[in-house]
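K.L.:
Give me a 3D structure for the following:
(chains A and B)
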2 protein chains.
Amino acid sequence: MIERVQLDQSSSKHLYIQLYSQLKELIERRKIKSHTKLPSIRKFAKELGVNNVTIVNAYNLLEEEELVYKKVGSGTYVAPIVELKDDIYLDEEVYIDEDTKFIEEKKRGSKEGKIINFATAAPTPDLFPIKPFKRLLNKVLDRDGGYAFGYQKSQGYSPLRKSISQYIGKCQIEASIDEIQIISGAQQGIDILAKTFLDYGDKVFVERPTYPGAISVFKSRHADIREVPIRKDGIDLDLLEEELEKEKPKFLYLMPNFQNPTGYSYSQEKKERILKLAEEYDLLIIEDDCLSDLNYGVGYGENKFLALKAMDKDDRVIYIKSFSKIFMPGLRLAFLIIPERYFDDILLSKYMSDIFTDGLVQRVLDLYFREEFWEDQINKLKQTYQKRYEVMVVALNKYLPQEVKFITPQGGLNLWLELPQGLTVKKLYDKAFAAGVNIAPGTVFYYTQPQEDKVRLSIAAVTEEEIKEGIKRLGKIISKELSNNKDWDNSWMPMV
Amino acid sequence: MIERVQLDQSSSKHLYIQLYSQLKELIERRKIKSHTKLPSIRKFAKELGVNNVTIVNAYNLLEEEELVYKKVGSGTYVAPIVELKDDIYLDEEVYIDEDTKFIEEKKRGSKEGKIINFATAAPTPDLFPIKPFKRLLNKVLDRDGGYAFGYQKSQGYSPLRKSISQYIGKCQIEASIDEIQIISGAQQGIDILAKTFLDYGDKVFVERPTYPGAISVFKSRHADIREVPIRKDGIDLDLLEEELEKEKPKFLYLMPNFQNPTGYSYSQEKKERILKLAEEYDLLIIEDDCLSDLNYGVGYGENKFLALKAMDKDDRVIYIKSFSKIFMPGLRLAFLIIPERYFDDILLSKYMSDIFTDGLVQRVLDLYFREEFWEDQINKLKQTYQKRYEVMVVALNKYLPQEVKFITPQGGLNLWLELPQGLTVKKLYDKAFAAGVNIAPGTVFYYTQPQEDKVRLSIAAVTEEEIKEGIKRLGKIISKELSNNKDWDNSWMPMV
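P.N.:
Next comes the predicted model:
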């Protein structure tokens, strides 16, 4: 087994991370059997020409993931392949409801080799700004000591709110620190707003398709959810107005830029018209924005992908902004911008949800803003994602049969494919998974009557190489299915 | 102003913290007027004989609390006295409902000098294990890098669940890692369980009085809340059975050890009887436990204050354990122990609430457990609190008129006083506050018909000196009120 491990001393990747990754792969691909004893630390270190601590660190990481176990005084052993259930990593994109709960994730939990994962929109750890974060964390601890760990205001740490107020100003949104409510991630924001506004049977309008984590929350409040189709330039305003004439919703839940799952953005005209409708029908809009910073075509802060909130003169919009996609998902930090009349009610809902958000992380993020790493990080991410996006678009055009339809959103992390007639996403999903490619079936983004011919592909967790390889495999599968269908169709034709 | 500042070089307290505290007090007591320019850094440092960085740090801390503001190129100025609203620090003990929302806190937000705060049960920052925490935080960052910031399992970081399983074993509770669900604080636990179990009109039984943060959540789910009185040895079982014969609740929400607000603990016999009732009536019990580690009379892990969960053979108890009181409140970490039949439903509710809990902090806490700082920290806290508790009991006996009734719970952070007839807590609250003493009015802990003669005093955020001084002041106020009442009563008597 030792001979299978190859460490690259010249790589920028830590040696123990290299070792950990390689051992992990060997274990997950079952190249090393369960209960096999791994080499002793000293022996392994000597063979590889590294320090003992490299081996120790790698073994510790493996132990944490329960891929190995330790016997006191004896050594480190490969763990038995765990039940899939233990391995479910939920991410924001997974649809859960009473019937299909966890089925999708269980499938995804497969341990058969390395999967090319187009299914998750959660960024991979290599994109996180670890070094500055660590430095700032220590700075906060030295500066504030225990105060960083005490009870915090439910509204959030006020210097952070001030920093956010400045940051968001660059996105053309004016918000005073009073209007900013810190929350523990965008999902909590949706939950808090549902708690504040929704009662049994209340109407909520959402885009169709939409983010399933929002649907789950609205369902849990027993709201009456109405789906209004989204087009390539935004929600269908005619159908929306038809619905509005029939009944008034408590709010509209919208993602006007790089919508999840479609990647579509509202045209400027639609944004204006929807705000007019909001005035006309006295509507509240919840705008969920996690990706508008990732606008590849235009410079930072340019106008093309304005938030509704930036145009909201009548205080009709509550704005949710997540840092998960553009900073670090693990930190659970996001914020709301709230019109004054809702301050107290929303603060109460936040209080009921978790009293306040982790004070340490709020302080670190504040320093991060103050030291102006923010734009660097966004720019770095934008560059990385833009390259992936471009590789993705080229690959889609090159490898997919032209019967597959999609548009190129010029931003965000998601592409939304429409499969040709006769090919369901369920079929494609199973075949792709068998070929080591994970996709998000479009069905999970619908509340009623899920469409069977849609696929969401995300570039958050795949390298450029993986994109090429993954789309190539998808293309092969789809082409094969199409020609099978053709054969099948032909069999119904009179022979000529 | 400079002459009012006195730094103690021999103190273990950092100089900048000393300076910060003293300036803060001067500003809050309005001894320095708004918009006064503070001394320049260099000048101040020279006068005090300290490094420039001491002044910089102190000014930064003040700026964060918005007590001062900076003008570029000019210096640091005292901020105008802010609106009270900006200054509200909510804590778990504050009751909020539609009518009285924030009134209590606004009152408490007073900036008139240093208040002796018996109202909060949140520990002060000096009790937190900052140094080991910092070391472990860096260890985690070095070891895991970006993985500490990635998406986490909704159920929680599995090594931490393993550590908790071992820790809780010492409290006689057997729980496998599958049964443990990590949550972002106990308040989130209550919210998640309410989401899972409560629908419009469902019955919930709670102790009377109880924790108001739970009441708020149950109300928000439109539950039908029934209060069953708690006695000195636990909930009134006769009244409970009477209620049970009428109707079945979705669950009972109980705090069997060092109940909040009363400090009362259930007798072992009552604990056994309530589990029998649970079997007989097929009940689910939610046991909220944040203080049972602080059992002053007995050794760590001894049996006297067993959790219901430790005696729960039929899986009728869901256990909520917070780390806020015994580790660090700011971290928002707690856990549930859940019977298997609820795994999926509760995981879904967690997912809807905030997807997962901060992964970095979970990793640090895990190391903290593994390096076995845990028992040291509990023991240190126990010692500190036990001393305060003893000082408190002596002071209550010494300074309060004997007409004030209370029992000594031998653990926890709270004492529950019953005022003599004729003295309402509202009156006492106002007079105490004017005398610089903050108390928690008992009224906030009732759902219906709040009792007017109860007070909760907490020892979490007061020094021994403050306890003596605060109780002395309270004693004076109560004695004076009693003698006034007597005079007043006498005025109705025929003169003799």
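K.L.:
Does residue A:357 touch residue A:183 like I think?
P.N.:
Yes. Counting by C-beta atoms under 8 Å, residue A:357 does reach residue A:183; the two are 6.4 Å apart. The way it works is simple: take the backbone N, C-alpha and C, and place the C-beta from them, glycine included.
K.L.:
Could you tell me which residues touch both of those two?
P.N.:
Any residue near both residue A:357 and residue A:183 by C-beta atoms under 8 Å, 6 or more residues apart in numbering or on different chains counts here, and that gives residue A:333.
K.L.:
So for the two, which sits in the more crowded spot?
P.N.:
The neighbour comparison of residue A:357 against residue A:183 (other C-beta atoms under 10 Å in any protein chain shown) goes to residue A:357, with 33 against 29.
K.L.:
Which helix or which strand is home to that one?
P.N.:
For residue A:357, there is no host helix or strand (DSSP states H and E).
K.L.:
Next, count neighbours for residue A:142.
P.N.:
Neighbours of residue A:142 using other C-beta under 10 Å come to 12.
K.L.:
isn't there a helix covering it?
P.N.:
Yes. Assigned with DSSP: H, G, I helix; E, B strand; the rest coil, residue A:142 falls within a helix.
K.L.:
Quick one: mean pLDDT over stretch A:223-231.
P.N.:
For stretch A:223-231, mean pLDDT is 97.
K.L.:
In contact with residue A:279, which residues?
P.N.:
Residues near residue A:279 by C-beta under 8 Å, 6+ apart: A:314, A:316.
K.L.:
repeat that for 6 Å
P.N.:
Neighbouring residues of residue A:279 by C-beta atoms under 6 Å, 6 or more residues apart in numbering or on different chains: residue A:314.
K.L.:
That one is in what secondary structure piece?
P.N.:
helix A:268-280.
K.L.:
Enumerate the residues of the stretch 51-200 of chain A near chain B.
P.N.:
Applying C-beta under 6 Å from any C-beta of the partner chain, we find that the stretch 51-200 of chain A lies next to chain B at A:64, A:89-91, A:96, A:122, A:125, A:128, A:130, A:134, A:141, A:145-147, A:149-151, A:153-154, A:159, A:184-185, A:187-188, A:191, A:195, A:200.
K.L.:
For ChimeraX, write the select line for the buried members of the residues you listed.
P.N.:
To isolate the buried members of these in ChimeraX, using 16 or more other C-beta atoms under 10 Å in any protein chain shown:
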select /A:64,89,90,91,96,122,125,128,130,134,141,145,146,147,149,150,151,153,154,159,184,185,187,188,191,195
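K.L.:
Tell me which helix or strand residue A:293 sits in.
P.N.:
Using DSSP H and E, no helix or strand contains residue A:293.
K.L.:
Likewise for residue A:475?
P.N.:
Element membership for residue A:475 (DSSP H and E) is helix A:464-491.
K.L.:
I'd like to know which elements that helix is packed against.
P.N.:
Other helices and strands packing on helix A:464-491, by 3 or more C-beta pairs under 6 Å, 6 or more residues apart in numbering or on different chains; DSSP states H and E, are helix A:374-399, strand A:437-438.
K.L.:
Name the residues of the helix or strand following the longest one that come out as buried.
P.N.:
Proceeding C-terminally, helix A:374-399 gives way to strand A:414-418 as the next helix or strand, assigned by DSSP H and E. Neighbour-count burial for strand A:414-418, counted by 16+ other C-beta under 10 Å, picks out A:414, A:415, A:416, A:417.
K.L.:
Using JSON lines, please lay out the residues you listed together with pLDDT and distance to chain B.
P.N.:
Below are the buried residues of strand A:414-418 laid out as JSON lines (pLDDT from 0 to 100; distance: C-beta to the nearest C-beta, whole Å):
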{"residue": "A:414", "pLDDT": "96", "distance to chain B": "16"}
{"residue": "A:415", "pLDDT": "97", "distance to chain B": "21"}
{"residue": "A:416", "pLDDT": "98", "distance to chain B": "22"}
{"residue": "A:417", "pLDDT": "97", "distance to chain B": "24"}
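K.L.:
Contact residues of the stretch 301-450 of chain A facing chain B?
P.N.:
A:328, A:329, A:330, A:332, A:348, A:351, A:352, A:353, A:354, A:355, A:358, A:359.
K.L.:
what sits against residue A:410?
P.N.:
The contact partners of residue A:410, by C-beta under 6 Å, 6+ apart, come to A:296, A:297.
K.L.:
And stretch A:370-378, what's buried?
P.N.:
For stretch A:370-378, using 16+ other C-beta under 10 Å, the buried residues are A:373, A:374, A:377, A:378.
K.L.:
And those residues, which two are furthest apart?
P.N.:
The span of those, defined through C-beta to C-beta, is set by A:373 and A:378 at 9.5 Å.
K.L.:
for the helix holding residue A:475, which positions count as buried?
P.N.:
In terms of neighbour count (16+ other C-beta under 10 Å), helix A:464-491 has its buried residues at A:466-471, A:473-475, A:477-478, A:481-482.
K.L.:
about what we covered before: residue A:70: which of the residues of the stretch 301-450 of chain A next to chain B is nearest?
P.N.:
Closest to residue A:70, out of all of these and judged by C-beta to C-beta, is residue A:330, at 25.8 Å.
K.L.:
Next up, the contacts around the closest one.
P.N.:
By C-beta under 6 Å, 6+ apart, the contact set of residue A:330 is B:149, B:150, B:359.
K.L.:
Repeat that for residue A:406.
P.N.:
Residues near residue A:406 by C-beta under 6 Å, 6+ apart: A:415, A:417.
K.L.:
Could you list the low-pLDDT ranges of chain A?
P.N.:
For chain A, the stretches with pLDDT under 70 are A:1, A:12, A:65, A:81-113, A:298-303, A:372, A:486-496.
K.L.:
Tell me, domain by domain, which residues of it belong where.
P.N.:
As recorded under automatic domain parsing, the domains making up chain A are A:2-82, A:100-126+A:376-491, A:150-371.
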